[in-house]
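Engineer: I'd like to go over a predicted model; first the sequence, then the structure.
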Amino acid sequence: FTDARVNVLEISSENEHLLRTKYEARNEKELPVLTRYFPKELLQDIELPKAKYLDLILYSREQIEKENAAMDKGKPTGETAPWGIVSIKAQAIETELPMTPITAMRNALGKDQGGSGIPMDRDAYMEAYQYWNKHANVV
């Protein structure tokens, strides 16, 4: 199917010491937020499993244009596709992984701060917390 590797690991007593944190913004207009991750270079003895699924994250053309305008990313390009791919996640499970809690918080910010402007859903946030409290991204 694909040679893509998953980029999420369950946190265990064997790998917990490899976790790192840093403040990071996805671009110069966003607010930096604290992130937790496994640095890929520290996982040399761990082979990440091949993905069984690819989860495509799509935004509507309207949402992409709203966010681009709010972040001063220029005028619409004239693109007419109704949807745009904003992320492709390689994963081992068939259901969508919850977004990280910090991503949910960032998305709840106004578009001018890098969010989508969509209000936070407390239940979805708590589901994300339950998952990401025991897992971390590999970067």
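Structural biologist: Alright, I've got the coordinates.
Engineer: Name the spans of the chain whose pLDDT lies under the cut-off.
Structural biologist: 76 (pLDDT under 70).
Engineer: can you give me the strands in it?
Structural biologist: Ranges of strands in the chain, per DSSP state E, are 8-10, 20-24, 33-38, 53-60, 83-91, 135-138.
Engineer: Name the stretch among these that sits most buried.
Structural biologist: Mean neighbour count (mean count of other Cβ atoms under 10 Å) peaks for strand 135-138 among the strands of the chain, with a mean of 18. In this view, the C-beta of every residue, glycine as well, is placed from N, C-alpha and C.
Engineer: So which residues make contact with stretch 102-113?
Structural biologist: Stretch 102-113 has contacts (Cβ atoms under 8 Å, 6 or more residues apart in numbering) with 29-31, 33-35, 66-67, 69-71, 99, 114-121, 124-125, 128.
Engineer: Could you check how many residues crowd around E28?
Structural biologist: 7 (other Cβ atoms under 10 Å).
Engineer: now A104
Structural biologist: A count of nearby residues for A104, using other Cβ under 10 Å, gives 21.
Engineer: How about it, nearest residue that isn't a chain neighbour?
Structural biologist: Excluding its sequence neighbours, the residue lying closest to A104 (Cβ to Cβ, 6 or more residues apart in numbering) is Y125, at 5.1 Å.
Engineer: The one you found reaches M99, doesn't it?
Structural biologist: No - counting by Cβ atoms under 8 Å, Y125 does not reach M99; the two are 9.2 Å apart.
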